[in-house]
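Student: can you look at this prediction? I've put the sequence above it.
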Amino acid sequence: MTAGTPSVPAPPAPSHAASQRLFEEASRYIPGGSSRVHYFYEPFPIYAHHGAGCRLTDVDGVERLDFVNNMTSLIHGHAHPRILAAIADQMQRGTAWSEPGEEELRLAKHLVERVPSIERIRFGNSGTENVMMAVKLARAFTGRHKIAKFEGFYHGYYDYIQVSVKSLPANWGPEAEPASTPNSGGLSPTVLDEVVTIPFNKPELLEALLARHGRDLAAFLVDPLASQAGSPVPAPGFLDRLTELTRHHGIVLIYDEVVSFRLGYAGGQERYGGTPDLTALGKIIGGGLPVGAVGGRADIMALCDPTKGPPKVLSGGTFSANPLTMAAGLAAMETYTRAEVERLNALGARLRDGMNALFAARGLSMCAGGDGSLVRILLMDEPVRDYRHFATASGPAKRLAAIHAALLDEGVIVTRMGTACLSTPMGDGEVDAFVRALDRALDRALDRLPS
Ligand SMILES: Cc1ncc(COP(=O)(O)O)c(C=O)c1O
């Protein structure tokens with residue numbers, strides 16, 4: 001990779017003194033200083049103080065454009081007035097109760113009417129919890145217990161899906177039969193025997209592996225735009241083929257749309273095709289409050305119905321479908337209209353075009369990846385096809401870390417993986433500001449970029 005020479009010296013980086021103080025104090029009580037593994041970066045993360053619209057101000061008083069949006073969940077950015085009003089109204093009446101409330105019904109109705117494959121839905125508190133629920137429903141429905149997932153795909157931190165997320169060439173085995181590798185300590189070794197790993201975007205390998213394992217599989221999980229795998233866009237027809245093959249083998253097809261739901265009015269399933277039996281949701285449907293949901297075919301969802309005797313699958317926790325989340329979620333989803341979905345996706349395309357023009361002008365072997373309103377900086381010169389392509393063609397993670405740090409200094413927040421997402425308060429101005437900041441960040445990062 002080569003990079004241009006800075007024309008003017010970069011201004012001094014903003015102070016991080018208050019963040020550093022909080023991090024050092026927090027590290028005395030919380031291992032690693034924070035409960036969230038995904039948001040740690042060297043030497044310490046900036047600490048947030050307040051957000052408004054698409055801007056976040058840290059505890060040192062530095063305001064930045066927020067292209068992380070609580071890991072893609074704040075579709076309307078921070079403190080959206082309609083969501084705040086819904087929360088304030090609900091808060092006056094109560095934050096949680098064990099009785100059902102009308103708010104749950106309203107959000108359920110909205111989502112069932114919005115997504116053709118969702119006939120019934122139930123709510124929980126996180127994406128992980130609801131991917132887990134979907135897997136349990138699939139097992140109970142089919143009477144089988146193994147599951148299949150795509151290599152490199154992240155679906156949260158339930159044991160059975162913490163498999164083959166970060167496999168390496170040394171342990172990933174042949175592509176025709178990828179090895180199942182653990183993504184965390186603490187998994188029972190039996191978990192690996194329960195999970196079949198499949199390469200993404202390769203219909204012939206999919207067909208062959210399902211011919212071998214299909215009769216044992218309860219569920220097949222797919223994220224239509226899997227971030228950890230480099231955000232490979234599904235090849236045309238691939239998800240339709242997956243739908244046909246899972247139907248043929250009697251496997252419950254689960255779409256994990258915890259992140260991808262924002263990409264279409266009815267989620268990634270509308271944008272890329274295929275028809276899931278179950279869909280796991282999270283993030284944007286909670287309007288910024290903790291949430292998860294599983295929805296899909298009425299006959300499968302009926303397994304958790306307690307009205308006709310003890311349900312076959314237990315679901316529901318103390319804060320499931322709490323009225324605060326339901327009220328915020330309904331306001332967020334009603335505000336995320338089809339027109340807004342399309343506007344945000346077009347804005348994502350504008351951002352990718354701007355980034356690609358910049359990389360080309362600088363002669364860098366980098367490109368903009370992702371799709372719709374999900375964008376990422378890739379240290380490779382073509383978009384990702386599948387996880388192995390991403391893992392082998394990407395430049396070193398340290399380069400991304402240097403660009404991430406330089407972008408923070410230039411007033412833009414992306415994740416340390418170089419992923420970014422848009423929120424509805426953004427327009428052309430914010431997207432163009434991102435590209436200008438990236439230009440300056442590449443200058444600033446020059447001396448930090450390891451060769
Ligand atoms: C695709 C996908 N599925 C599931 C999850 C888990 O959701 P949560 O963090 O709410 O448990 C995530 C989290 O980022 C995700 O990206």
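Tutor: That came through, no problem.
Student: pull the contacting residues for the residue nearest the centre of the chain.
Tutor: Centrality entry for the chain: nearest residue to the mean C-alpha point is Val259, 3.6 Å, by Cα atoms, centre = their mean. By Cβ atoms under 8 Å, 6 or more residues apart in numbering, Val259 lies in contact with 72, 223, 225, 227, 283, 374. Backbone N, C-alpha and C define where each C-beta goes, glycine included.
Student: what's the burial count for the fifth one?
Tutor: If I follow you right, that is Lys283. 25 (other Cβ atoms under 10 Å).
Student: quick check: residues of the chain near the ligand?
Tutor: With Cβ under 6 Å from any ligand atom as the criterion, the chain comes near the ligand at residues 71, 126-128, 131, 154-156, 223, 227, 256, 258-259, 282, 292.
Student: of the contacts of Val259, just say which sits nearest to the ligand.
Tutor: Asp223 (4.5 Å; Cβ to the nearest ligand atom).
Student: show me where pLDDT drops low in this protein?
Tutor: Within the chain, the ranges that satisfy pLDDT under 70 run 1-10, 446-451.
Student: residue of it with the smallest distance to the ligand?
Tutor: As assessed by Cβ to the nearest ligand atom, the ligand sits closest to Gly127 within the chain, at 2.3 Å.
Student: can you tell me how far that residue is from Arg436?
Tutor: When distance is defined by Cβ to Cβ, to the nearest Å, Gly127 is 33 Å away from Arg436.
Student: who has more neighbours out of these two?
Tutor: Shown here are Gly127 and Arg436; by other Cβ under 10 Å, Gly127 has more neighbours (27 against 14).
Student: check which residues of the longest helix seen in the chain are buried.
Tutor: In the chain, assigned by DSSP state H, the helix with the most residues is helix 338-362. For helix 338-362, a neighbour-count test (16 or more other Cβ atoms under 10 Å) marks 340-341, 343-345, 347-348, 350-352, 354-355, 358-359 as buried.
Student: okay, now Gly363: neighbour count?
Tutor: Look at Gly363: counted by other Cβ under 10 Å, it has 11 neighbours.
Student: actually Pro12, sorry about that
Tutor: Other residues near Pro12 come to 7 when the count uses other Cβ under 10 Å.
Student: now do the SS call for it.
Tutor: When classified by DSSP: H, G, I helix; E, B strand; the rest coil, Pro12 comes out as coil.
Student: show me where the stretch 251-400 of the chain has strands.
Tutor: With DSSP state E, counting those that start in this stretch, the ranges of strands along the stretch 251-400 of the chain come out as 252-256, 278-282, 292-296, 367-371, 374-378.
Student: I'd like the ones you listed as TSV, with distance to Ile403 and mean neighbour count appended.
Tutor: Shown next, in TSV, are these (distance: least, Cβ to Cβ, whole Å; neighbours: other Cβ atoms under 10 Å):
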stretch	distance to Ile403	mean neighbour count
strand 252-256	28	28
strand 278-282	28	29
strand 292-296	32	28
strand 367-371	13	23
strand 374-378	6	24
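Student: format those strands as TSV; extra columns: distance to Gly267.
Tutor: As requested, the strands of the stretch 251-400 of the chain are arranged in TSV below (distance: least, Cβ to Cβ, whole Å):
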stretch	distance to Gly267
strand 252-256	7
strand 278-282	7
strand 292-296	11
strand 367-371	13
strand 374-378	13
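Student: thinking again about what came up before, so which of the residues of the chain next to the ligand are in helices?
Tutor: Using DSSP H, the residues of the chain next to the ligand in helices are 71, 127-128, 131.
Student: now for Phe141: which residues touch it?
Tutor: Phe141 neighbours (Cβ under 8 Å, 6+ apart): 218, 252, 299-300, 303.
Student: got it, and Pro182?
Tutor: Contacts for Pro182 (Cβ under 8 Å, 6+ apart) come out as 162-163, 191-192.
Student: tell me which two in these are the farthest apart.
Tutor: Greatest spacing in the contacts of Pro182, by Cβ to Cβ: Gln162 and Leu192 (10.1 Å).
Student: between the two, which one's more packed in?
Tutor: Neighbours per residue (other Cβ under 10 Å) separate Gln162 from Leu192, with Gln162 holding more: 21 against 16.
Student: in this structure the more buried one contacts Leu187, no?
Tutor: Yes - between Gln162 and Leu187 there is a contact at 6.1 Å, judged by Cβ atoms under 8 Å.
Student: roughly how far apart are the closest residue to Ala328 other than its chain neighbours and Pro178?
Tutor: Spatially, and ignoring its direct neighbours in sequence, Ala328 is nearest to Gly287 (3.1 Å; Cβ to Cβ, 6 or more residues apart in numbering). According to Cβ to Cβ, Gly287 and Pro178 sit 38 Å apart.
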